[in-house]
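# predicted coordinates and the sequence they were generated for:
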Amino acid sequence: MKLLIDAGNTRTKWAWCPEDASHASTAWQVHALEHEQWLQADVEAQRLLQAIEQAEQVWLSNVAGSDWLQRLPALGDKLHLVQSQASALGVQNAYEQPSQLGSDRWCSMLAVWQQFGRPTLIVTAGTAMTIDALVVNKAGARFAGGTIQPGLRLMWQSLQQGAAQLDYAYPLERDALPGFAQESRQAMWLGCLQALAASVSAQFERMLALVDSVPLLVLTGGDAPLLNRYLPGTLSAQAIIVDNLVLKGLACLAKNTDE
């Protein structure tokens, strides 16, 4: 059995590798825990540790850092700690130093290529928001580059901490708001969301200049559905929301080792 682990910026997701991992209709049973749970070894962390012990192989994407790794038991050869490469599964990496690219972004790219096989702008709306370009032409598939910026909650926190009179609690409601807010808390919310949406729109326009056909727009991450509501109508209508891209990319890599 192959265990897949996505240790992200704020939480960890894990799942057993399904038989047909690359198929869009495959059912995934995904478990999640916050980093505090992992570091404090609570019940959910113990469940993951038990799965690690049972696994024949452990495929790990870690952007959580060294503190997360310190809780991992010694696994020897059964641990596959994924790092970005110059190429994998038919995708070339445009980074001058390929290993600098976060393993989560690389896995997401590979998953999208395996599932769709088309030029795609990949937007991950999580703790940070990343926007990555998968270009496909006669030369093949290539990660052309991307951007990283604060995600929705980080933007909100920066306003909380940097402006004395904007110390509002992070909103729990997800109601759609008009283009101009009538009170400061809503104005912060709209400002943050519109900044993210504008970045997606700008990168999509740049993507159009790199490919011969209209690219796909794939959204993933916890804030993907919310972000999609604030994209321009044409972009929102064509966006595809895909969950667990990092785990799916890990599954593609794990499957490839058997072929």
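Sure, I can see it.

# where does the chain dip in pLDDT?
20-26, 173-176, 258-259 (pLDDT under 70).

# which residue ranges form the helices in it?
Secondary structure of the chain (DSSP state H): helices at 35-39, 43-54, 66-70, 103-116, 152-162, 184-208, 224-230, 233-238, 245-256.

# helices or strands next to the fourth one in the packing?
For helix 103-116, the helices and strands in contact under the criterion 3 or more C-beta pairs under 8 Å, 6 or more residues apart in numbering; DSSP states H and E are strand 57-62, strand 91-93, strand 120-125, strand 128-137, strand 140-150, strand 216-220, helix 245-256. All C-beta atoms are positioned from the backbone trio N, CA, C, and that covers glycine.

# just name the most buried of those.
By mean neighbour count, with neighbours taken as mean count of other C-beta atoms under 10 Å, strand 120-125 ranks first of those at a mean of 26.

# re the thing from before, just send the helices and strands packed on helix 103-116 back as CSV, with distance to Gly191 too.
Conversion of those to CSV gives the following (distance: least, C-beta to C-beta, whole Å):
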stretch, distance to Gly191
strand 57-62, 32
strand 91-93, 34
strand 120-125, 16
strand 128-137, 15
strand 140-150, 12
strand 216-220, 20
helix 245-256, 27
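
# how about the contacts made by Gln114?
Counting by C-beta atoms under 8 Å, 6 or more residues apart in numbering, Gln114 makes contact with Ser22, Leu89, Lys248, Gly249, Cys252.

# number of nearby residues for Leu81?
Neighbourhood size, Leu81 [other C-beta atoms under 10 Å]: 14.

# and Gln85, by the same measure?
Gln85 has 17 neighbours, counted by other C-beta under 10 Å.
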